[in-house]
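Novice: quick one, what's the 3D model for this:
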Amino acid sequence: MTIGKKTENEKQVISTACPLDCWDACSILATVEDGVIKSLAGNPANPVTGKGLCSKGLAHMARRTHPERLRRPLVRDAAGEGFRAVTWDEALDLVADRLDQIRREGPATAVLHCAHAGSVGLLKKLEARFFSAYGGVTTSVGSLCEGAGHQAQNYDFGAAMSHEISDVVNARVVVIWGRNPAETGIHAMPFLRQAKERGAEIVVIDPRGSATSAALSAQLVTPRPGTDGALALSIAHVLIEENLVDAEFIRRHVKGYPAFKDAVKPWTPEAAEAETGVSAEVIRSLARLYGSAKPACLLVGYGVQRYTNGGETVRAIDALAAITGNIGISGGGVNYNNDRMSGYLDSEVLSGQSLRVHHRTYPRPMMADFILSANHPKIKAIFTTKANPVTQFMDTGKMLKAFESVDFKVTIDQFMTDTAQVSDVVLPCAHFLETTDVILPPAVHSYLTYCSPVVEADPWVPSEHWIFTQLAKRLGLEAFPAQSEEAWLELALKPLSEALGYSVDVLKKEPVPVHEKDSEVDNGLVAWSELTFKTPSRRIELWSNRAGMDGFDPVAVYRPVGKRPSPEEPYYLLTPHIKESLHSQHFLDLFGQALPVAYLGLSAAKGLGVADGDKIKVFNSTGQLICTAKVEADQSPELVLIHEGWWLQKGGGVNQLVAERAAGMGLHAAYYEVTCNVTKCNG
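Specialist: Alright, predicted model coming up:
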């Protein structure tokens with residue numbers, strides 16, 4: 001089989017990539033026969049993801065042809081009780097007329113554009129240029145996903161950079177902190193197993209335990225939710241006290257070590273035990289393990305920073321690698337996110353920021369509150385793309401009130417999500433297997449993959465690029481010209497082409513690795529291999545003047561979270577990802593469950609008189625949710641765990657329990673800073 005060309009058997013193997021917003025961004029080969037997709041498989045040209053796909057990746061074939069997939073534009077009927085199917089001209093004329101009316105009445109910031117990462121395709125970013133060309137609208141700042149940790153690593157290193165996950169096999173110690181690759185990043189697991197086979201010690205730090213710790217037979221450390229920063233500072237205390245630091249590395253490459261040394265003095269293991277629930281003995285043992293077996297690798301997940309102190313926590317974890325010299329060496333690193341494409345994209349092409357006449361921002365974690373309180377102007381329209389804010393943003397009940405308060409709502413999606421249900425116009429869009437795009441390198445590898453159309457949509461459903469091009473024509477937006485997807489990609493990727501020689505034609509052939517321009521040692525495997533950092537001092541900054549100017553402590557500190565269990569709400573509530581779905585996208589199907597599952601610790605369940613399969617109500621001052629109980633023998637009695645993503649219309653919606661709350665650093669959603677109560681449902 002020849003990639004992109006028919007063989008004698010009339011088969012094609014076409015290169016594409018998964019657009020889901022996960023750690024892996026798998027490069028894919030699609031086998032097509034007579035216009036029908038026969039299979040999807042990993043592309044071996046990407047050595048990290050080429051050996052197989054996860055269940056979510058394999059589900060793309062079924063999602064593309066799912067009976068609930070939207071095929072026609074829908075407009076809410078005059079009575080407001082349902083939808084009617086209309087032609088594309090009718091739907092686009094309606095949307096353009098309302099947008100034009102709002103723009104004429106002015107200012108255009110009465111339109112709020114809600115977007116997130118339902119697809120991470122590069123061309124999906126063009127929607128920002130459309131709204132800039134329109135005149136500038138209200139857009140989001142802040143993060144629902146990784147913003148606190150990303151900002152922290154900007155302060156410490158100048159950017160968030162990770163080793164390719166294949167390099168973990170060179171580590172002698174691996175600490176997996178707030179991350180669960182066995183369920184949410186499976187392509188890390190073969191390399192972690194190989195590291196273990198080669199003798200690496202593996203530790204998992206997670207307040208609930210995880211499938212990863214079980215699969216790797218790893219040492220499990222379970223701090224109380226939101227106390228990871230205290231644990232990290234205490235480990236640093238022991239490293240310094242027992243002289244397990246790399247003094248020469250600190251002298252040459254670290255700024256602010258004396259201030260950091262002073263900051264960790266109060267965090268003795270005994271002090272940390274009282275705060276975290278992790279014994280002083282375990283803290284000392286973990287510090288000695290990490291500090292005495294170089295190279296040591298830290299794999300840091302988004303879970304550690306979903307609190308109001310999340311950015312400070314990541315800064316404290318970064319410091320552990322800095323003071324032990326585990327930066328820029330094979331088998332080391334603080335592997336959180338990956339800015340490998342920084343400087344290789346023309347952001348103006350994609351965002352069109354210079355085209356804005358007006359512009360206003362809202363904090364993404366506080367979207368509902370902003371809509372309900374905005375003035376000068378009030379929000380007159382919400383345009384939602386790549387997102388399902390009713391289900392996935394904070395405080396579902398408040399978000400529903402916010403949507404209800406706005407006159408005109410448009411949603412682009414492939415399915416009738418909870419957000420689409422409360423919209424006035426719903427525009428279906430093409431599946432990634434039907435479109436052209438480029439998927440950028442994710443957190444665990446450095447490969448950029450071109451997505452060729454695998455099949456045509458049947459019946460025809462357009463891409464978002466086509467939808468915005470048609471709206472631009474109707475609105476007379478000359479700054480959003482009608483040109484092909486490939487032409488837009490060439491413009492957006494011009495810096496990449498000039499720096500590394502990767503033209504669009506080169507990308508079409510196979511996935512390509514992205515590395516630092518003119519670097520003699522960077523091959524995409526090891527972050528910061530030249531030990532030249534993107535901070536003002538060009539060093540790792542444990543003391544950051546930029547953090548201080550932004551209103552944060554210049555050095556990593558620990559601040560207790562603001563929400564702790566109380567007699568009224570005696571449990572922490574954690575809402576992690578589920579293995580079978582990327583956020584809400586795969587909850588078209590409920591995985592054999594009639595209700596969301598709430599996991600309880602054994603002693604907590606006994607105290608409540610709850611057994612497996614019982615119906616329970618989980619509630620707090622924000623809302624409530626009916627669930628099926630699942631009793632976990634090893635789970636902390638302080639925890640209730642419910643996976644996020646379940647649709648409201650299908651009996652779920654855990655964010656009914658999650659109040660809007662944001663961290664300062666990164667303006668990040670504090671999804672995990674939540675407490676709750678539980679009662680058994682009778683009858």
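
Novice: so what's F468 up against?
Specialist: L126, E127, F130, F480 (Cβ atoms under 8 Å, 6 or more residues apart in numbering). The C-beta positions use only the backbone N, C-alpha and C, and glycine is treated the same way.

Novice: for the first one, which three-state class applies?
Specialist: When the structure is reduced to helix, strand and coil (DSSP: H, G, I helix; E, B strand; the rest coil), L126 reads as helix.

Novice: domain map for this protein?
Specialist: 11-64, 74-144+353-435+460-484, 163-336+531-549, 571-680 (automatic domain parsing).

Novice: ranking these by burial, who's on top?
Specialist: domain 163-336+531-549 (a mean of 22; mean count of other Cβ atoms under 10 Å).

Novice: what's the first-to-last distance across it?
Specialist: 30 Å (Cα to Cα, to the nearest Å).

Novice: on that earlier part again, between the contacts of F468, which is nearest G653?
Specialist: E127 (26.1 Å; Cβ to Cβ).

Novice: tell me the pLDDT of the closest one.
Specialist: E127 carries a pLDDT value of 98.

Novice: my read: it touches V410, true?
Specialist: No: the pair E127 and V410 fails to qualify as a contact (Cβ atoms under 8 Å) at a distance of 11.6 Å.

Novice: turn the domains of the chain into JSON lines, including distance to G524.
Specialist: Formatted as JSON lines, the domains of the chain follow (distance: least, Cβ to Cβ, whole Å):
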{"stretch": "domain 11-64", "distance to G524": "10"}
{"stretch": "domain 74-144+353-435+460-484", "distance to G524": "19"}
{"stretch": "domain 163-336+531-549", "distance to G524": "6"}
{"stretch": "domain 571-680", "distance to G524": "25"}
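
Novice: which one of those domains lies nearest to P442?
Specialist: domain 11-64 (3.8 Å).

Novice: how far off centre is the closest one?
Specialist: The chain centre lies 20 Å from the centre of domain 11-64; the measure is Cα atoms, centre = their mean, to the nearest Å.

Novice: I'd like the average pLDDT over that domain.
Specialist: 96.

Novice: can you give me the end-to-end span of it?
Specialist: End to end - Cα to Cα - domain 11-64 spans 20 Å.

Novice: cool, stretch 184-202 as well?
Specialist: End-to-end distance of stretch 184-202 (Cα to Cα): 18 Å.

Novice: what lies in contact with that stretch?
Specialist: 22-24, 26, 48-49, 51, 54, 165-166, 168-176, 179, 181-182, 212, 215-219, 289, 293, 299, 444-445, 577, 579.

Novice: those in strands, which ones?
Specialist: Counting by DSSP state E, the contacts of stretch 184-202 place V173, V174, V175, I176, Q219, L299 in strands.

Novice: quick one: contacts for the first one?
Specialist: Under the criterion of Cβ under 8 Å, 6+ apart, the neighbours of V173 are A200, E201, I202, V203, L289, Y290, A293, P295, A296, C297.

Novice: in a markdown table: the residues you listed, plus distance to T65 and pLDDT.
Specialist: Below are those laid out as a markdown table (distance: Cβ to Cβ, whole Å; pLDDT from 0 to 100):
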| residue | distance to T65 | pLDDT |
| --- | --- | --- |
| A200 | 43 | 98 |
| E201 | 46 | 98 |
| I202 | 40 | 98 |
| V203 | 43 | 98 |
| L289 | 50 | 98 |
| Y290 | 49 | 98 |
| A293 | 50 | 94 |
| P295 | 47 | 98 |
| A296 | 47 | 98 |
| C297 | 41 | 98 |
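
Novice: so which of the residues you listed is the closest to A263?
Specialist: Y290 (18.6 Å).

Novice: the one residue sitting closest to the centre of the chain sits in which helix or strand?
Specialist: The C-alpha lying nearest the average C-alpha coordinate of the chain belongs to C145 (Cα atoms, centre = their mean; 4.3 Å). Counting by DSSP states H and E, no helix or strand carries C145.

Novice: one more: A472?
Specialist: If you go by DSSP H and E, A472 is part of helix 464-475.

Novice: starting at the chain centroid, how far to that helix?
Specialist: That offset, for helix 464-475, works out to 28 Å (Cα atoms, centre = their mean).

Novice: go on, stretch 361-370?
Specialist: Mean-position distance between stretch 361-370 and its chain equals 18 Å (Cα atoms, centre = their mean).

Novice: repeat that for stretch 468-480.
Specialist: The answer for stretch 468-480 is 31 Å, by Cα atoms, centre = their mean.

Novice: relative to T435, which of the ones in strands among the contacts of stretch 184-202 is nearest.
Specialist: Nearest member of the ones in strands among the contacts of stretch 184-202 to T435, counting by Cβ to Cβ, is L299, at 32.5 Å.

Novice: wait, that closest one touches A171, no?
Specialist: No: L299 sits out of contact with A171 when judged by Cβ under 8 Å, with a separation of 9.6 Å.

Novice: helices of the stretch 101-250 of the chain, start to end?
Specialist: Per DSSP state H, counting those that start in this stretch, the stretch 101-250 of the chain carries helices over the ranges 127-134, 147-157, 181-184, 189-197, 211-215, 228-241, 247-253.

Novice: pretty sure the residue nearest to the centre of the chain contacts D21?
Specialist: Yes: using Cβ under 8 Å, C145 is in contact with D21, at 7.5 Å.

Novice: find residues that contact each of those two.
Specialist: With Cβ under 8 Å, 6+ apart, C145 and D21 have common neighbours A117.

Novice: circling back to that earlier point, the domains of the chain: which one's closest to S497?
Specialist: Using Cβ to Cβ and comparing the domains of the chain, the one that lies nearest S497 is domain 74-144+353-435+460-484, at 13.6 Å.

Novice: right, and the helix or strand after the strand or helix carrying M61?
Specialist: Assessed by DSSP H and E, M61 sits inside helix 60-64. Reading on from helix 60-64 to the C-terminus, the next helix or strand found by DSSP H and E is strand 74-76.

Novice: packing partners of that next one?
Specialist: If you count contacts as 3 or more Cβ pairs under 8 Å, 6 or more residues apart in numbering; DSSP states H and E, strand 74-76 packs onto strand 83-85, helix 88-105, strand 425-427.

Novice: looking just at contacts, which helices and strands does the longest one meet?
Specialist: So the one you mean is helix 88-105. Against helix 88-105 (3+ Cβ pairs under 8 Å, 6+ apart) you get strand 74-76, strand 381-385, strand 425-427, helix 464-475.

Novice: just checking, S39 is part of a strand?
Specialist: Yes: residue state for S39 (three-state DSSP) corresponds to a strand.

Novice: which one is it nearest to, not counting chain neighbours?
Specialist: Of all residues not flanking S39 in the chain, T31 sits nearest, at 4.7 Å (Cβ to Cβ, 6 or more residues apart in numbering).
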